[in-house]
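S.K.: how does the following fold in three dimensions:
(2 chains)
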Amino acid sequence: MIKTDVVIVGAGPVGLFAVHQLGIIGLKSEVIDNLDKAGGQCIELYPDKPIYDIPAIPVCTGEELTKNLLKQIKPFKTNFHFNERVQEISNQNNNWIVKTNKNKIFSSANIIIAGGVGSFEPRKLPLKEAEKYEEKSIFYSVRDKNKFKDKKISIFGGGDSALDWALELSKTSKVTLIHRRDEFRGSEHTFNEVKKLEKQGKLNIKTKFQLASIEGDKNIKFITIKNDEEKIIKIETDYILSFFGLVMKLGPIAEWGLNLDKKHIPVDSEKFQTNKKGIFAIGDICTYPGKIKLILSGFHEAALAARACFKNARPNEIYKFQFTTSSKEIQERLGIKTK
Amino acid sequence: MPKITYIDSQGNEKIIDVKNGLTVMEGAIQNNVPGIDADCGGSMACATCHVYVKEEWLNKLEKIEDAEQDMLDMAFEPKKNSRLSCQIIVKEELDGLVVNTPSKQT
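M.R.: Coordinates of the predicted model:
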């Protein structure tokens, strides 16, 4: 069991800044995120899009913002638990016990949910029958490419993942790449490579087509695809790989007994505490009168929630407000040598 | 104020007065029209405000940008008349616009 002062759910910008605000007041935190890296939506949805409303930073990209936040919290040597999702929580003697889907267990007086719009998960194929083949004949990511050797693979999608895997797997398998339009949004270079292979007859491309049906018993035997003119093509298929990006799902948080307002968690605007003592929600996932979904609002919420966490984590100590400019204590925590 | 008609996949119709300058997505969210999620809040990053625009209105809309097309690749069952409702800005000429929401957004 990992003991800490605060478990932070979500490593997006607001979760990262919460690490900072907790760190300077002397609280330890552990961060859990379902993605494989920090940054949340900033990294996953718009790494290259410029952001213009971070105070004192006229412009930066989602990726730059994430990098700088990670730099800012480096002194606190925080543990990140990536590719993990918080599964369940329970309360024991005013302490929250947090369990992840990989059976890691944390014990902490506080939980800060900085979960954005939920955890990122692959967007599933729209057909009902797709579910029963999932992880058997249908995959949303590739863990072991050897599985696909000498098989017939139908790849769906128009982005880099679809193009990259079409290219890679066509070396050892019979690949059909299927996309809803002629234009691919993946890199032009990869697309040209894929086109070259098509000309050489090493790979098939079907554009303006979408999945219509999946046929098989235990395993998939063939699929049919359909275009706007209702033309249907049958393709013998052993495996489907589908790359339609990620969606955000609130996931198990919905089962924690917190009050919910649609996909948001209502909080007070003093501590950003939920209806459960010691559980806070900050950033896009929280709601209160006047809430604005801006990163800068999330930073403010992080600062206030962090102070509220102090009282739970150190019930016998008195919290003393200090400035980073003048407090030796804070500067020590930041690893700054003072005279 | 332009009237926008939202029809869900079951055929239920909601007619909403939407102020000029708001997006069709905002018109839905502010008036609790179901069927539009808008997870990313209108930054064209999620494809969960996907709608089907009634054919006769398609050419009255601003031309679709590449970035919107790219996002629509990810949408649930995109069709020829698919658009992201966060990219349709309401104006007088769009009074009477009809959009259908898909059976689900993700």
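
S.K.: use CA for all of it now, contacts and neighbours both
M.R.: OK.

S.K.: okay, buried residues for stretch A:62-81 please.
M.R.: Within stretch A:62-81, the residues scored as buried using 16 or more other Cα atoms under 10 Å in any protein chain shown are A:62-66, A:69-70, A:73, A:75-76, A:78, A:80-81.

S.K.: hmm, who's touching the lowest-mean-pLDDT helix or strand in chain B?
M.R.: Ranked by mean pLDDT, DSSP states H and E, the helix or strand of chain B with the weakest confidence is helix B:66-72, at a mean of 91. With Cα atoms under 8 Å, 6 or more residues apart in numbering or on different chains as the test, helix B:66-72 has contacts from A:185, B:44-47, B:50, B:78, B:82-84, B:87.

S.K.: A:Gly26: which element?
M.R.: For A:Gly26, there is no host helix or strand (DSSP states H and E).

S.K.: so for it, what's the nearest residue that isn't a sequence neighbour?
M.R.: Leaving aside its chain neighbours, A:Gly26 sits nearest to A:Arg333 (7.2 Å; criterion: Cα to Cα, 6 or more residues apart in numbering or on different chains).

S.K.: OK, contacts around that neighbour?
M.R.: A:Arg333 makes contact with A:23-24, A:26, A:75-76, according to Cα under 8 Å, 6+ apart.

S.K.: same question for A:Arg185.
M.R.: A:Arg185 sits next to A:158-160, B:70 when contact means Cα under 8 Å, 6+ apart.

S.K.: if I pick the residue nearest the centre of chain B, what's in contact with it?
M.R.: Central residue of chain B (Cα atoms, centre = their mean): B:Ser85, 2.7 Å from the mean position. By Cα under 8 Å, 6+ apart, the contact set of B:Ser85 is B:23-25, B:49-51.

S.K.: A:Val14 now?
M.R.: By Cα under 8 Å, 6+ apart, the contact set of A:Val14 is A:114, A:282-283, A:295, A:298-299, A:302.

S.K.: now swap in A:Tyr319 and tell me
M.R.: A:Tyr319 neighbours (Cα under 8 Å, 6+ apart): A:307, A:310-311.

S.K.: top of those by neighbour count?
M.R.: A:Phe310 (21 neighbours; other Cα atoms under 10 Å in any protein chain shown).

S.K.: please, which helix or strand holds the residue in chain A positioned nearest to chain B?
M.R.: Here chain A gets closest to chain B at one residue, A:Phe244, 4.9 Å apart by Cα to the nearest Cα. Counting by DSSP H and E, there is no helix or strand that carries A:Phe244.

S.K.: how about A:Ala303?
M.R.: Using DSSP H and E, A:Ala303 falls in helix A:295-313.

S.K.: now do the buried residues in the next helix or strand along the chain from that helix.
M.R.: Elements were assigned by DSSP H and E; along the chain past helix A:295-313, the next helix or strand is helix A:328-333. Neighbour counts using 16+ other Cα under 10 Å place A:328-331 of helix A:328-333 among the buried residues.

S.K.: check stretch A:248-260 too.
M.R.: Across stretch A:248-260, burial judged by 16+ other Cα under 10 Å covers A:248-250, A:253, A:260.

S.K.: all helices of the stretch 51-200 of chain A, in order?
M.R.: Along the stretch 51-200 of chain A, the stretches classed as helices by DSSP state H, counting those that start in this stretch are A:62-72, A:130-133, A:160-169, A:188-199.

S.K.: can the last one be said to contact chain B?
M.R.: The reference is to helix A:188-199. No - using Cα under 8 Å from any Cα of the partner chain, helix A:188-199 stays clear of chain B, with a minimum separation of 13.9 Å.

S.K.: quick one: that helix to helix A:160-169, angle?
M.R.: 40 degrees (axes from the mean of the first three to the mean of the last three Cα atoms, to 10 degrees).

S.K.: hmm, back to that, including distance to chain B and pLDDT, could the buried residues of stretch A:62-81 go into CSV?
M.R.: Shown next, in CSV, are the buried residues of stretch A:62-81 (distance: Cα to the nearest Cα, whole Å; pLDDT from 0 to 100):
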residue, distance to chain B, pLDDT
A:Gly62, 12, 93
A:Glu63, 15, 94
A:Glu64, 18, 96
A:Leu65, 17, 97
A:Thr66, 17, 97
A:Leu69, 21, 98
A:Leu70, 23, 98
A:Ile73, 26, 98
A:Pro75, 32, 97
A:Phe76, 30, 97
A:Thr78, 28, 97
A:Phe80, 25, 98
A:His81, 24, 98
